[in-house]
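# Predicted model follows, preceded by the sequence.
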Amino acid sequence: AICDLVLTTEFGPSVAVRGVVRDDAGRPVSEVVVTYSIAFHHDGVPRPETLGIRPDHDRTGPDGRFEASCELTLRGPRPSFLVAFDDEGTRMAIRLVPAEQLELPQELQLQPTCLVRATLELEGGDPRELPHFMVSWTDPEGRAFTPGIGVDTEAEAGRLRGQVIGRVPPGVYQLQVGKTAQSQAVSIPFEVKSGTRELDLGTHELRISTLAALRGQPAPELAVHAWRPGEPKRLTDLRGKVVVLDFWGYWCVPCLEQMPALMAIAEKFRDQPVVWVAVHTPNVKDFQELDDKLAAVRERLWRGQPLPFATIIDAPDEQDEQHGATATRYGIQLWPTLVVIDQNGNVVDTVAKERLEETLRRLLGR
């Protein structure tokens, strides 16, 4: 599977975590879900979040005991959260466990939860481009017990508005709104005191992202560590043509999975003035290393085809060598991201692959 090819360097081995869940009177509680990452339904009720890997959660038995599987590492021996909750989400326990203690017996105590709400707003966002907002619930140190989750959003008069809702027990937290192609990041700290049943964090206005602010503006120049085929080109050399920049990486499963669709679209416009440039992150030193890492992917996903695009390895960014200087100039926060540049050298927008063909036909007058 593609996860075997790509994610084995990111996720470490699993460990069976055992323990017991009790109520606030110390009595064992049965039929409680125990997991290490959660998400929230639209009404704020929690559910196990498996990140598409496997269902790593368990329910407690009649004696309140459980055995759940936790990822031991994620790019290193990081602590893991254990989260226990009842089906209604009215009682919950959240505990941060150091990696070296995960194999020890754990005890979780359920507490009544508080329904927490927040409203996010963004002026000038594009409702067609997803995600509008990406939200994580974290502890005070920014360690998340939920993954980054998209928020249901409504659009009105050029303004995007998202409603965030979830249930958590008493404690100190942050609502982390991550950077996207639409908006910049913001952190909303809050505290749930014992006995609080509802908490409204108010409305928070987000700043538009670097990439969104580039719409209609001259496209930043590419920063090239390596280019193929042929000699490196500047965007100014490509005036009069539509340019599609695909920001991707060999380590990014969605990037690899969407390549066949992009190849098919490129084939439709093969005889048109459209130039494709695949901008790879700078975490490979040369194209030989990149080819080696893509060998199995090319056979399994791309039917043995090489990339039919001009490809560059992004130059390292001075502040973050893994991010890339070109990605920084465009404000790229998510991979893959497609950016379209018009014939005059101005940024049109970031475009989902589902809208790419339509966008190209519009720019070409077809």
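All right, it came through fine. Computed from a prediction, not measured in an experiment: that's the story for all the values here.
# Report the secondary structure state of residue 264.
Reducing the assignment at residue 264 to three states with DSSP: H, G, I helix; E, B strand; the rest coil gives helix.
# center of this protein - which residue?
Closest to where the C-alpha atoms of the chain average out (C-alpha atoms, centre = their mean) is residue 148, at 5.7 Å.
# For burial, what's the neighbour tally of the closest residue to that residue other than its chain neighbours?
Once flanking residues are discounted, residue 148 sits nearest to residue 134: 4.4 Å by C-beta to C-beta, 6 or more residues apart in numbering. Any C-beta I mention is one placed from the backbone N, CA and C, and that applies to glycine too. Other residues within reach of residue 134, judged by other C-beta atoms under 10 Å, total 21.
# doesn't residue 149 make contact with residue 134?
Yes: between residue 134 and residue 149 there is a contact under C-beta atoms under 8 Å: 7.0 Å.
# Alpha carbons of stretch 207-227, in CSV - could you do that?
What follows is stretch 207-227, C-alpha atoms only, in CSV (Å, rounded to 0.1, in the frame of the first residue of the first chain):
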residue,chain,number,x,y,z
ARG,A,207,-6.0,37.6,8.5
ILE,A,208,-5.9,36.6,4.8
SER,A,209,-3.0,34.3,3.9
THR,A,210,0.1,35.3,1.8
LEU,A,211,-1.1,33.1,-1.1
ALA,A,212,-4.6,34.6,-1.1
ALA,A,213,-3.1,38.1,-1.0
LEU,A,214,-1.2,37.3,-4.2
ARG,A,215,-4.3,37.0,-6.3
GLY,A,216,-4.0,39.4,-9.2
GLN,A,217,-0.4,40.3,-8.3
PRO,A,218,2.9,39.5,-10.1
ALA,A,219,3.9,36.0,-9.3
PRO,A,220,7.1,35.7,-7.2
GLU,A,221,10.1,34.3,-9.0
LEU,A,222,11.1,30.6,-8.5
ALA,A,223,14.0,29.8,-6.3
VAL,A,224,15.7,26.8,-8.0
HIS,A,225,18.1,24.3,-6.4
ALA,A,226,17.9,22.0,-9.4
TRP,A,227,15.8,22.0,-12.6
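# what is the rounded mean pLDDT of that stretch?
Averaged across stretch 207-227, the pLDDT comes to 94.
# Please point out which parts of that stretch sit buried.
Applying a neighbour-count criterion of 16 or more other C-beta atoms under 10 Å, the buried positions in stretch 207-227 are 208-212, 214, 219-220, 222-227.
# Next step: these restricted to strands.
In this view, the buried residues of stretch 207-227 that belong to strands under DSSP state E are 224, 225, 226, 227.
# Find the pair from those with maximum spatial separation.
Of all pairs drawn from those, the greatest distance, 8.4 Å, lies between 225 and 227 (C-beta to C-beta).
# Helices of the stretch 151-300 of the chain, start to end?
Listed in chain order, the helices of the stretch 151-300 of the chain (DSSP state H, counting those that start in this stretch) span 210-213, 253-268, 287-300.
# cool, and the stretch 1-150 of the chain?
When assigned using DSSP H, counting those that start in this stretch, the helices of the stretch 1-150 of the chain occupy the ranges 2-6.
# Okay then, goodbye and thanks.
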